[in-house]
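Novice: below are the sequence and a predicted model for it; my questions follow.
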Amino acid sequence: MLILPVGPVPQFAIVARIINAMKLDCSHLITYNMDEYADENGNTAPPDWEGSFATAMMKNFFGRIDRRLRPKEENIHFPNTNNIKDYSRMIADEGGADCCYGGIGWCGHIAFWESHMGHNYKTLAQYKKATAQIVELHPMTIMQNALHSFSGDWSWVPPKAASIAPADILGAKHRSFWLDGTCGPPGSMAWQSFIARLVAHGPVNKFVPGSILQEVRTDYTILGGVAEDVKIEMA
């Protein structure tokens, strides 16, 4: 069973192409996607909305896999208003994820578990036991996602989301996180450079969500632009 990030990340098209070329049977595969957008009342986006992660995943991944090879429809899960209170239990009932894939947000989030969520828990121990819920998106996340998926129009980005939580990520047998946050051609802006350092090398704390990955086995895949030195350069 896998926990998957969502969105139009290019890796999905590559994976789908490999699955088809090698005729890998994924019909037994069970997937739980990390999150889904929600409105100000916590109502998750309809699966057929063009901005929904369900739409993005079908377009960029599941829909690209040969019908004979793709996971069964009943084994593809997204968090929504109706199941969010049970979503962590659903994952746990499967024995936890074999692997959790994801990325690190500009504010340090994992899934949509945002930096300000640290205020809701008195201790780090309590924080790491938190389960899936409806969360409010951080302003930095809204701007980041506007840039990636909404042509820079931040008014289109929903204000909330249904999201998995630290317990789901830490409960996986393994984690693989990508730090490929560059905009434009090589040598242009690498927005993940600073947060990548806080996540991988800074103190483990409630306000840099990705920092908890330091305490469990996690692979980081870091693009060269993100790994380059952070320095001040007045343009």
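Specialist: Looks like it came in fine.
Novice: check which helices and strands the helix ranked longest in the chain sits against.
Specialist: Counting residues, the longest helix found in the chain (DSSP state H) is helix 10-22. Helices and strands touching helix 10-22, by 3 or more Cβ pairs under 8 Å, 6 or more residues apart in numbering; DSSP states H and E, are helix 53-60. Quick note: C-beta positions are derived from backbone N, CA and C, even for glycine.
Novice: what's the model's confidence in stretch 54-61, averaged?
Specialist: The average pLDDT within stretch 54-61 is 93.
Novice: and R89, how many neighbours?
Specialist: R89: 12 surrounding residues under other Cβ atoms under 10 Å.
Novice: give me phi/psi at it?
Specialist: Main-chain dihedrals, R89, degrees, to the nearest 10: phi -70, psi -40.
Novice: state the distance from it to G96.
Specialist: Per Cβ to Cβ, to the nearest Å, R89 is found 11 Å from G96.
Novice: cool, and M140?
Specialist: 30 Å.
Novice: just confirm G63 is within a strand.
Specialist: No - under DSSP: H, G, I helix; E, B strand; the rest coil, G63 falls outside any strand and is assigned helix.
Novice: that one: neighbour count?
Specialist: 12.
Novice: got a list of what D35 touches?
Specialist: D35 is in contact with 6, 53, 79, 111-112, 161-164, counting by Cβ atoms under 8 Å, 6 or more residues apart in numbering.
Novice: ok, and the helix or strand in this structure with the lowest average confidence?
Specialist: The weakest-scoring helix or strand in the chain, judged by mean pLDDT, DSSP states H and E, is strand 2-4 (a mean of 86).
Novice: each with direction, which strands does that one pair with?
Specialist: strand 31-33 (parallel), strand 99-103 (parallel) (DSSP bridges).
Novice: contacts for it, please.
Specialist: With Cβ under 8 Å, 6+ apart as the criterion, strand 2-4 contacts 29-34, 57, 61, 91, 97-102, 164, 168-169, 172.
Novice: just the buried ones from these, in ChimeraX syntax?
Specialist: Selection of buried members from these for ChimeraX, criterion 16 or more other Cβ atoms under 10 Å:
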select :29,30,31,32,33,34,57,61,91,97,100,101,102,164,168,169,172
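Novice: next up, phi/psi of R175, please.
Specialist: According to degrees, to the nearest 10, R175 has phi -130, psi 140.
Novice: that one reaches T218, doesn't it?
Specialist: Yes - at 4.2 Å, R175 counts as touching T218 under the criterion of Cβ atoms under 8 Å.
Novice: now the helices for this structure?
Specialist: For the chain, the helices defined by DSSP H cover 10-22, 53-60, 84-93, 124-128, 139-149, 166-170, 193-201, 224-227.
Novice: and those as CSV, adding distance to L213?
Specialist: Converted to CSV, the helices of the chain look like this (distance: least, Cβ to Cβ, whole Å):
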stretch, distance to L213
helix 10-22, 18
helix 53-60, 22
helix 84-93, 17
helix 124-128, 11
helix 139-149, 18
helix 166-170, 8
helix 193-201, 7
helix 224-227, 16
